[in-house]
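**Student:** sequence and predicted structure are below.
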Amino acid sequence: MAQGKRPNFLFIIADQLRADHLGCYGNKVVRTPNIDRLAAEGFVADRFHVASPICMPNRASLLTGRMPSLHGVRHNGIPLSLRATNFVERLRQSGYRTALVGKSHLQNMTGNPPFWPRDPADRAAGEAMAADDGRYDQEWKPNWKTRPDHDVTLPFYGFDTARLTVDHGDDLEGHYRRWLRAQRPDGDSLVGAENAIPTPGLALGAAHQAWRTRLPPELHPVWYCAKMSEAILDEAAAGRAPFFLMCSFAEPHHPFTPPGEYWDMYRPAEIELPRSFRDAANRPPPHVARLLAERDAGRAVKHTPQLFACTEAEAREAIALNYGSISFIDVAVGHMLARLEALGLADDTVVIFTSDHGDFMGDHQLLLKGPIHYRGLIRAPLVWRDPAHAPRRSAALTSAIDMAPTILARAGLAPWNGVQGRSFAAVVAGAASDHHAELVVEEEGQRPQVGFESRVRMRSLVTERHRLSLYDGVPWGEIYDLERDPDEMVNLWDDPASASLRAELVLRLARKMLALSETSPHPTAAA
């Protein structure tokens, strides 16, 4: 890269991909040679954590550098304010060409009314803050489905170009669906569970969490994202402005629909279950015990997006299909990297690979995601290949809120007042071996679940050695020694010998939450 030249950015993000489902994070089964090569040539963060293990809150944190409790997207269904400052808009204002291909999920996709409070009269009483002006229907799937003229207003959260995929699985709307119909007039007959290839005996099929799509790989949303991204790279190579391109895959999120050969690339019978699967019933915390009991009594609800306790067959199928989707993403990543190199852009481009959060994937006999902060859920992959720096790995604690200030720093731009993350540029460069002393992970639910009478509200503290989780409205909590108990099997909350540890961690959480309180706007000067 020429001295003083501003770098390009290719930011690749997967949806609901846990770190240890990649070869570069130690997985010996899943085949991810292109992402692994990216990792071998760049920086790998071994302890990169989410701000919230929910799509919309964490994606908003990635863009704003702020925690969900401050940017306001506390759970899915609350849009990120169009007035919120984000790093993409800052790049655009400084001369970058900005583009998004794939899943945004910065606004509500369903158009459904609030889940809580239950009483419509309480909803009608209004909110503490008036709604922002602007369009907050831009990602609504019903509008994309029924209105041919429906589209986004540009710039969209700082993106000059937006090519959206809306929802999950193979039955996506947005710009993708219009492209699919242009490729195949009968495209609608290839997607969705109702059009799927029959798969008798599929355990997850009965739960409507997986189906074998009729889409060939070259028409799948993953491939659409790769091809549209390559087209934008072609355009960027012909211009002089630096670019920021976000390629956002809606995979390997459930329902699992890997296409073609990726459906049976991995055999469920040969999948090794997580170590915690066998010992899940050994003194689990109350909400996990409740889920296990519901399953054992035949009362588990498995057809919704909410977590559930799974059977061994369901866990094996989910992992196998998840691996298939990840391997398909890896092929798509390989094509984008090859195009970057063919266009002569690789030496001027920072390539980032991450995900918005993980998935239980059989940990403690659980599937999907929910308000239980096991490491498979709250730890995400982060690979950062920078032509300016040599390859290295780091165990420093890093957070999703660090992404915005780090990208801005690499582009030579200062963060704004109220950014809560810290640039990890020094860690990437090898000039620092540590970063945060502790991290906070926030979660607020949309509805009551896992035995809570009201919607779940919780905070977790992650330190170099421990994870503490506190829940609103209950007397119990969780503490795990991640060094001695990496599978989080022994809850130390009620252990008399850990009483001083509990007090210390609760105090550290309180102090960290105080440090993460609002600082924007600046106060008025004294008279």
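**Tutor:** Received it, and whenever you're ready, just let me know what you need.
**Student:** show the residue spans covered by the helices in the stretch 1-150 of the chain.
**Tutor:** Per DSSP state H, counting those that start in this stretch, the stretch 1-150 of the chain carries helices over the ranges 33-40, 55-64, 68-71, 87-93, 120-124, 141-146.
**Student:** oh, I was asking about the stretch 301-450 of the chain
**Tutor:** 312-342, 375-378, 403-410, 425-429.
**Student:** quick check: which of those helices is nearest to residue 231?
**Tutor:** For those, distance to residue 231 was read as Cβ to Cβ. The smallest value, 9.4 Å, belongs to helix 312-342. All C-beta spots, glycine's among them, are computed from the backbone N, C-alpha and C.
**Student:** quick revisit: just put the helices of the stretch 301-450 of the chain in CSV and tack on mean neighbour count and distance to residue 122.
**Tutor:** Converted to CSV, those look like this (neighbours: other Cβ atoms under 10 Å; distance: least, Cβ to Cβ, whole Å):
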stretch, mean neighbour count, distance to residue 122
helix 312-342, 22, 37
helix 375-378, 24, 31
helix 403-410, 23, 35
helix 425-429, 20, 46
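**Student:** in stretch 254-264, what counts as buried?
**Tutor:** 254, 255, 256, 257, 258, 259, 260, 262, 263 (16 or more other Cβ atoms under 10 Å).
**Student:** how about the helix or strand of the chain with the lowest mean pLDDT as CSV, C-alpha atoms only?
**Tutor:** The least trusted helix or strand in the chain, going by mean pLDDT, DSSP states H and E, turns out to be helix 120-124, with a mean of 74. Extracted C-alpha coordinates of helix 120-124, given in CSV (Å, rounded to 0.1, in the frame of the first residue of the first chain):
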residue,chain,number,x,y,z
PRO,A,120,-52.9,-3.1,23.8
ALA,A,121,-54.1,-0.3,26.2
ASP,A,122,-50.6,-0.1,27.6
ARG,A,123,-49.1,0.2,24.1
ALA,A,124,-51.6,2.9,23.3
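**Student:** can you list phi and psi of residue 164 for me?
**Tutor:** Dihedral pair for residue 164: phi -90, psi 150, per degrees, to the nearest 10.
**Student:** correct me if wrong: it contacts residue 102.
**Tutor:** Yes. With contact defined as Cβ atoms under 8 Å, residue 164 reaches residue 102; the gap is 7.3 Å.
**Student:** and the closest residue to residue 353 other than its chain neighbours, what does it touch?
**Tutor:** Among residues not flanking residue 353 along the chain, residue 383 sits closest, at 4.3 Å (Cβ to Cβ, 6 or more residues apart in numbering). If you count contacts by Cβ atoms under 8 Å, 6 or more residues apart in numbering, residue 383 has them with 24, 35, 38, 39, 42, 43, 44, 45, 351, 352, 353, 354.
**Student:** over to residue 426?
**Tutor:** So residue 426 contacts residue 432 (Cβ under 8 Å, 6+ apart).
**Student:** all further residue positions should be reported with the first residue as 26.
**Tutor:** That works, and once the first residue is 26, the last one we named lands at residue 451.
**Student:** any idea how far residue 460 is from it?
**Tutor:** 8 Å (Cβ to Cβ, to the nearest Å).
**Student:** same thing with residue 159?
**Tutor:** Residue 159 is 35 Å from residue 460, where distance means Cβ to Cβ.
**Student:** neighbour-wise, which of these two wins?
**Tutor:** residue 460 (20 against 12; other Cβ atoms under 10 Å).
**Student:** touching, that one and residue 449? I think so.
**Tutor:** Yes. Using Cβ under 8 Å, residue 460 makes contact with residue 449 at a distance of 5.5 Å.
**Student:** quick check: neighbours shared by those two?
**Tutor:** Common contacts of residue 460 and residue 449 (Cβ under 8 Å, 6+ apart): 421, 423, 427.
**Student:** the first one touches residue 455, doesn't it?
**Tutor:** I take that to be residue 421. No. With contact defined as Cβ under 8 Å, residue 421 does not reach residue 455; the gap is 11.1 Å.
**Student:** between the two, tell me which one has more neighbours.
**Tutor:** Neighbours per residue, other Cβ under 10 Å: of residue 421 and residue 455, the larger number sits with residue 421, 18 against 13.
**Student:** any chance of the helices of the stretch 326-475 of the chain in a markdown table, with mean pLDDT too?
**Tutor:** A markdown table is the format used below for those (pLDDT from 0 to 100):
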| stretch | mean pLDDT |
| --- | --- |
| helix 337-367 | 98 |
| helix 400-403 | 98 |
| helix 428-435 | 98 |
| helix 450-454 | 97 |
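**Student:** next one: the most centrally placed residue in the chain relative to residue 402, how far apart?
**Tutor:** Among the residues of the chain, residue 381 comes closest to the average C-alpha position under Cα atoms, centre = their mean, at 1.3 Å. Note on residue 381: its distance to residue 402, by Cβ to Cβ, is 11 Å.
**Student:** over to residue 452?
**Tutor:** Distance from residue 452 to residue 402, counting by Cβ to Cβ: 23 Å.
**Student:** same deal with residue 493?
**Tutor:** For residue 493, the distance to residue 402 equals 15 Å [Cβ to Cβ].
**Student:** same question for residue 539.
**Tutor:** According to Cβ to Cβ, residue 539 and residue 402 sit 25 Å apart.
**Student:** swap in residue 470?
**Tutor:** For residue 470, the distance to residue 402 - Cβ to Cβ - is 14 Å.
**Student:** which strand in the chain has the most residues?
**Tutor:** For the chain, the strand that runs over the most residues, judged by DSSP state E, is strand 463-473.
**Student:** what does the helix or strand following that one contact?
**Tutor:** As assigned by DSSP states H and E, the chain's next helix or strand after strand 463-473 is strand 480-488. Strand 480-488 has contacts (Cβ under 8 Å, 6+ apart) with 74, 140-141, 396, 398, 403, 422, 462-475, 492-498, 530, 533-534, 537-538.
**Student:** of the residues you listed, grab the buried ones for ChimeraX.
**Tutor:** To isolate the buried ones among these in ChimeraX, judged by 16+ other Cβ under 10 Å, type:
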select :74,141,396,398,403,422,463,464,465,466,467,468,469,470,471,474,475,492,493,494,495,496,530,533,534,537
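**Student:** picking up where we left off before, of the shared contacts of residue 460 and residue 449, closest to residue 368?
**Tutor:** Nearest to residue 368 among the shared contacts of residue 460 and residue 449, with distances taken as Cβ to Cβ, is residue 427, at 29.4 Å.
**Student:** contact partners for the closest one?
**Tutor:** 90, 446, 447, 448, 449, 460.
**Student:** can you pick the most crowded of those?
**Tutor:** Counting by other Cβ under 10 Å, top hit in these: residue 90 with 30 neighbours.
**Student:** and that one, how close does it get to residue 446?
**Tutor:** 4 Å.
**Student:** who touches both of these two?
**Tutor:** Common contact partners of residue 90 and residue 446 (Cβ under 8 Å, 6+ apart): 426, 427, 428, 429, 430.
**Student:** and of those, the nearest to residue 317?
**Tutor:** Checking the shared contacts of residue 90 and residue 446 one by one against residue 317 (Cβ to Cβ), the nearest turns out to be residue 426, at 33.5 Å.
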